[in-house]
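[1] please work out how this folds:
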Amino acid sequence: MGDPGELQVSLADIEAAARLLAGRIRRTPLLAADGLAPRRGELRLKCENLQVVGAFKARGAMHHLLRLFERDPKLKARGVATYSSGNHGTALAWAARELGAAATVFVPEDIPAGKRSAIERFGGRVVPAGRTSRDRREACEAAREREGFSIVPPFDDPWIVAGQGTCGLELVEQVPDVKRVLVPVGGGGLIAGIAVAVRSKRPDVEIVGVEPVAAASMQAALHAHRPVEIAAGETIADGLKPVQVGALNHAIAARLVSRVVTVDDAAIRQAMRLLLERCKLVVEPSGAATVAAWLAHDDVAAGGATVAVLSGGNVDFERLVRLLSERPTCPA
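    Now for the predicted structure:
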């Protein structure tokens, strides 16, 4: 593994983001998961499902807007927009409302009802556009020409990555003896930020990405030594299925991420159920992928304190019941 030096996002950037975000986001709890699967080893849960708007995305969205409006206050009146499968859009709608700007979110046509209503609850305008991340990005970029808003990328952006990296600063402080951090990977912004923060503080810590089997875009990028577009299949982890990881995020991951593992939907359902039944935590499929990996892969469950980042908890009641209606086999 490389060291964090000479990357586009530095520890200093993340520490500056933490100072700027102080009082605007939550320092989320890090909980011991002793009863989850006692024979599997030591697991801690970084509960970004309890973050403002129910997901880590609040960190990057708020940080980006604060930097954007600081650089050019006039942009606030023009509004902002993004393309998102749900959580980033909700976070942007929240951050924009907090700072007095309008927000438009281009979403997939099959967005879960709960995520759509969350965007609208924070005052965001929802525009359905296709079913892939490329569809909604292209629709957003075309609309910018007509409407003049500023686009806030969901993951491939230094301000976004620095904001997400504040999660890594917190977890290192909360678990000084951490040996391994499991991070869900969609576009790669969260794992990039966490990798810089954690490896800068603790170069020996292992950073492991987790992707759905059907949408392993970071694995594909690391294998090809560049971001590549994949044909993402269906998965219940809708937040982890961008067809291509960000170039910035891939560059950081190639230097600092130890490896990427995959999990299937059955393992994610099992993890969601265990988190609900044994830890009393509601976690969406994308957020539960890390615990699914800890349960399914022996090599990420041994060797000291492992932290699983629960990236979000935005799943509506009807979908939660539907996803968990088939009981999986729980580990002893």
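[2] could you use CA atoms for every contact and neighbour count after this?
    Noted.
[3] can you pull the contacts of P4?
    If you count contacts by C-alpha atoms under 8 Å, 6 or more residues apart in numbering, P4 has them with 10, 196, 199-200, 255-256.
[4] swap in 7 Å and give it another go.
    Residues in contact with P4 (C-alpha atoms under 7 Å, 6 or more residues apart in numbering) are 196, 199-200, 256.
[5] what about it, which SS state?
    coil (DSSP: H, G, I helix; E, B strand; the rest coil).
[6] residue ranges with poor pLDDT in the protein?
    Where the chain drops to pLDDT under 70, the residues are 1-2, 5-6, 327-332.
[7] for it, which segments count as helices?
    11-21, 57-71, 75-78, 87-99, 113-121, 133-147, 158-174, 189-201, 217-224, 247-256, 265-279, 285-296, 317-323 (DSSP state H).
[8] nearest to L240, of these?
    helix 285-296 (6.1 Å; C-alpha to C-alpha).
[9] which other helices and strands does that closest one contact?
    If contacts are counted by 3 or more C-alpha pairs under 7 Å, 6 or more residues apart in numbering; DSSP states H and E, helix 285-296 sits against strand 180-184, strand 206-212, strand 259-263, helix 265-279, strand 306-310.
[10] re the thing from before, now render the helices of the chain as a markdown table, adding distance to L50 and mean neighbour count.
    Formatted as a markdown table, the helices of the chain follow (distance: least, C-alpha to C-alpha, whole Å; neighbours: other C-alpha atoms under 10 Å):
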| stretch | distance to L50 | mean neighbour count |
| --- | --- | --- |
| helix 11-21 | 16 | 19 |
| helix 57-71 | 11 | 22 |
| helix 75-78 | 28 | 16 |
| helix 87-99 | 13 | 25 |
| helix 113-121 | 15 | 19 |
| helix 133-147 | 26 | 16 |
| helix 158-174 | 12 | 25 |
| helix 189-201 | 16 | 29 |
| helix 217-224 | 26 | 21 |
| helix 247-256 | 25 | 22 |
| helix 265-279 | 13 | 21 |
| helix 285-296 | 11 | 28 |
| helix 317-323 | 16 | 13 |
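[11] Throw those into JSON lines and include distance to V127, thanks.
    Below are the helices of the chain laid out as JSON lines (distance: least, C-alpha to C-alpha, whole Å):
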{"stretch": "helix 11-21", "distance to V127": "28"}
{"stretch": "helix 57-71", "distance to V127": "19"}
{"stretch": "helix 75-78", "distance to V127": "17"}
{"stretch": "helix 87-99", "distance to V127": "11"}
{"stretch": "helix 113-121", "distance to V127": "10"}
{"stretch": "helix 133-147", "distance to V127": "9"}
{"stretch": "helix 158-174", "distance to V127": "22"}
{"stretch": "helix 189-201", "distance to V127": "23"}
{"stretch": "helix 217-224", "distance to V127": "25"}
{"stretch": "helix 247-256", "distance to V127": "26"}
{"stretch": "helix 265-279", "distance to V127": "28"}
{"stretch": "helix 285-296", "distance to V127": "22"}
{"stretch": "helix 317-323", "distance to V127": "22"}
